[in-house]
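S.K.: quick one, fold the following:
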Amino acid sequence: MADQLGLESIRNIGIIAHIDAGKTTLTERFLFYSGKTHRIGDIDSGNTVMDYLDEERSRGITIVSAAATFKWTNSDRAAMIHLIDTPGHIDFTAEVERSIRVCDGAVVIFSGVEGVEAQSEKVWHQSTSYNVSKIAFINKLDRLGASFERTVKDIKEKFPSIKISPFQIPVGIESDLRGVIDLLHMKYLHFGGDECSEVFAEGIPGELLAESDAARDQFLSDIAELSEDIAELYLDEQEIPLDLLKSEIRRLVIENKLCPLFVGSAKKNIGMQPLLDAVIDYLPSPADRPVYPAFTAKNHEKAQVDINDSHFCGLVFKLIASGSADLLYLRSYSGKLRMNDTLVNARNGKKVRVKRILRLYSKNIDAIDEVGPGDIVGIIGPDNVFTGDTLCDNARQVLLNKIDFPEPVISMALEPKSANDKDRLHSSLELMCREDPTLELKQSENTGQLILSGMGELHLEICTHRLQNEFNVNIRYGKPRVAFRETLLKSCSVTGVFDKLVGDKELYSEVKINLEPARLAQGIIVESTVRGASLPKSWIQTAQDTLSAALKTGGNLGYPLTYIKATVTGLSGSMEKTTDGSVAGAVIDAVNTAIAQGTKLMEPIMKLDITAPEEVVGEITGYLQMRRCIITGIGNVANSKVLRCEVPLAEMFGFSTALPKLSGGRASFSMEPFGYQEISQEDLQRTGNNNKISF
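M.R.: Residues are numbered from 1 along each chain as shown. Now for the predicted structure:
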């Protein structure tokens, strides 16, 4: 429950942005001004609450998402805010994915210097895919090269599908930043007292009135474009009641038609309290979205979870594994959960008991007795539970929509330094993979080495540091290698047959499948056009599930397949001879037939953005052109150029070391997966890879 506050007073929010935009700095201010902490954590000093891992503090970046719960009260209402601070580095995009999945709203942070960066776009679209309402904050307006107007223009151009409307304008810029103009109340806000904990609202200075009036008119015009009630008053030049204006803004934000834009500097403690006010004024509570799509656990038919339902239902979106009992991060969607309650894991039908319920505060926890709908808590007790599992009441077993994670693109071979470390290495890696769904662990058939696959060089580097420092395992590891994929050479329609005598029973199934190469964001899509009341639904579901799994097991070269649209077009059998197992056997036979017709090797491509001073761009482009890089565009930001590129991942090893040398330490870059392309044998050999490397 919301600790004595009603359901409408809960806010589940994520803080999302590009790396180094100021997420953790802003979050530390939220905790301080709400009274949750008694000092402001500082990244440079390594004493932040939310970045608590040694790796995070030493590197000054967020690696794992951290949750904190605190109360905030403004002039209108009080709220219990469950906040999740997410990483900004692309290697840890899974942490963003699972955090956003359980949030109702998000605060998106943009740097007033760099504007909309690559990962900013990524997290924006991630939140949109989950229907998460957003407010935005332009940070770092105190920094050299900051520009409010340029950043607003950039945001509007990058996200044209939603109305972006500034609710504030800055007073001063760069080192002269000293406050903000609140366009809703038409007040000049400046901040003072201990750590700027006091907000002073005054009349707008005369020299700022003309600019403020123009910005206020544009602000009202933006709202009027989306609201008939506001439009009528605005066009008639009548006074718009504040209550009506705020209620319409809230409605539009919840409907994802409007994104209010706020400004300031987290580092200089400017604009934090008004942003917190906006979180509870405009972002949705769980009561604003009472119904969630789901599927029945038994036959996967469409269902829904209603927040008013008395049966408990919750989604595990993160876990911290241990040798004894895992800590599970849970978003509750309906019903109440109490200590020692027994639930069902809808994925496997197993009963689990909840021993403890915890209020989360970064690495700290406080025990609570029960939790109601719309809350985010930690629980301890259930075994064999993984990220994405639905825990629910036995009387109503449903599956909430799963969390989709990207596939690994890079691999590394690991082995223990001594026989004594062998078992500990394997168990430690399995534990890490349970925590992080974007890690994969396999054993090489050729060498017997353990192969760990992840999202990037930094991702794997941090994993090796954890093994050595946290788990005290002595290891040797090779250089990271590209994780290849395969795809079919051409479209084909194949038939698979399972016709065998198993024991004393004859089993028979026949499945027809159409497969076609296609560039897909999901990598693989599996569909079925099979219809018929005479066919058991379990046969069709088994065919689809087996087809999806079979395509991921590997092609002719042993790599998982990608870029394939697969459709089950026919399914036949009899009630006497056909079982789910025989259907699965027929599907595997069909997939093997298709793969035998030929596959080609695919390498991962990265979307690369580089920000650098103009005078070093030539050095950087020369370096890139020797590495099969395609420069798709060059933009301008502040006093620098932005190179937008597409480049094979195999060519990017060592780039983080080379770029500072090429630019004199004045350039920065970000990368994210951009799909796969065919690689020739010549390029394969030139990059030092071969068909026996990581999978």
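
S.K.: going forward, measure contacts between C-alpha atoms and count neighbours the same way
M.R.: Will do.

S.K.: pretty sure residue 530 is touching residue 567, no?
M.R.: No: look at residue 530 against residue 567 with CA atoms under 8 Å: they stay out of range, at 9.1 Å.

S.K.: okay, these two: which has more neighbours?
M.R.: residue 567 (21 against 14; other CA atoms under 10 Å).

S.K.: could you count how many residues lie near the residue lying closest to residue 417 once chain neighbours are set aside?
M.R.: With CA to CA, 6 or more residues apart in numbering as the criterion, residue 417 has its nearest non-adjacent residue at 5.1 Å, and that residue is residue 475. Residue 475 has 17 neighbouring residues, counting by other CA under 10 Å.

S.K.: over to residue 67?
M.R.: There are 24 residues near residue 67, going by other CA under 10 Å.

S.K.: wait, it sits on residue 82?
M.R.: Yes: Residue 67 lies in contact with residue 82 (CA under 8 Å); the separation is 7.0 Å.

S.K.: tell me, what's touching residue 530 and residue 567 both at once?
M.R.: Common contact partners of residue 530 and residue 567 (CA atoms under 8 Å, 6 or more residues apart in numbering): none.

S.K.: now do the same for the residue in the chain sticking out farthest from the centre: its pLDDT.
M.R.: Within the chain, the residue lying farthest from the chain centre (CA atoms, centre = their mean) is residue 504, at 50.8 Å. You'll see residue 504 listed with a pLDDT of 79.

S.K.: likewise for residue 665?
M.R.: 81.

S.K.: OK, contacts around the residue lying closest to it once chain neighbours are set aside?
M.R.: With CA to CA, 6+ apart as the criterion, residue 665 has its nearest non-adjacent residue at 7.4 Å, and that residue is residue 659. By CA under 8 Å, 6+ apart, the residues touching residue 659 are 620, 665, 667-668.

S.K.: how about those in a markdown table, adding secondary structure?
M.R.: Formatted as a markdown table, the contacts of residue 659 follow (DSSP: H, G, I helix; E, B strand; the rest coil):
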| residue | secondary structure |
| --- | --- |
| 620 | helix |
| 665 | coil |
| 667 | coil |
| 668 | strand |
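
S.K.: need these in CSV with neighbour count and distance to residue 577, can you?
M.R.: As requested, these are exported to CSV (neighbours: other CA atoms under 10 Å; distance: CA to CA, whole Å):
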residue, neighbour count, distance to residue 577
620, 19, 65
665, 11, 69
667, 20, 66
668, 14, 63
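
S.K.: and the two most separated of those?
M.R.: 620 and 665 (12.1 Å; CA to CA).

S.K.: just the helices in the stretch 51-200 of the chain please.
M.R.: Along the stretch 51-200 of the chain, counting by DSSP state H, counting those that start in this stretch, helices occupy 54-59, 93-101, 118-129, 148-158.

S.K.: any idea which of the ones you listed is most buried?
M.R.: Counting by mean count of other CA atoms under 10 Å, helix 93-101 has the highest mean neighbour count of the helices of the stretch 51-200 of the chain, with a mean of 25.

S.K.: off-centre distance for that one?
M.R.: How far helix 93-101 lies from its chain's middle: 3 Å, per CA atoms, centre = their mean, to the nearest Å.

S.K.: tell me the angle it makes with helix 118-129.
M.R.: Per axes from the mean of the first three to the mean of the last three CA atoms, to 10 degrees, the angle that helix 93-101 makes with helix 118-129 is 40 degrees.

S.K.: on the three-state scheme, residue 386 is what?
M.R.: coil.

S.K.: residues contacting it?
M.R.: 316, 318-319, 434.

S.K.: list just the nearest of those to residue 334.
M.R.: Looking across the contacts of residue 386 and measuring by CA to CA, the closest to residue 334 is residue 316, at 13.8 Å.

S.K.: in this structure the residue nearest to residue 417 contacts residue 416, no?
M.R.: Yes: assessed by CA under 8 Å, residue 475 is found in contact with residue 416 at 4.4 Å.

S.K.: buried ones in stretch 184-192?
M.R.: 186-191 (16 or more other CA atoms under 10 Å).
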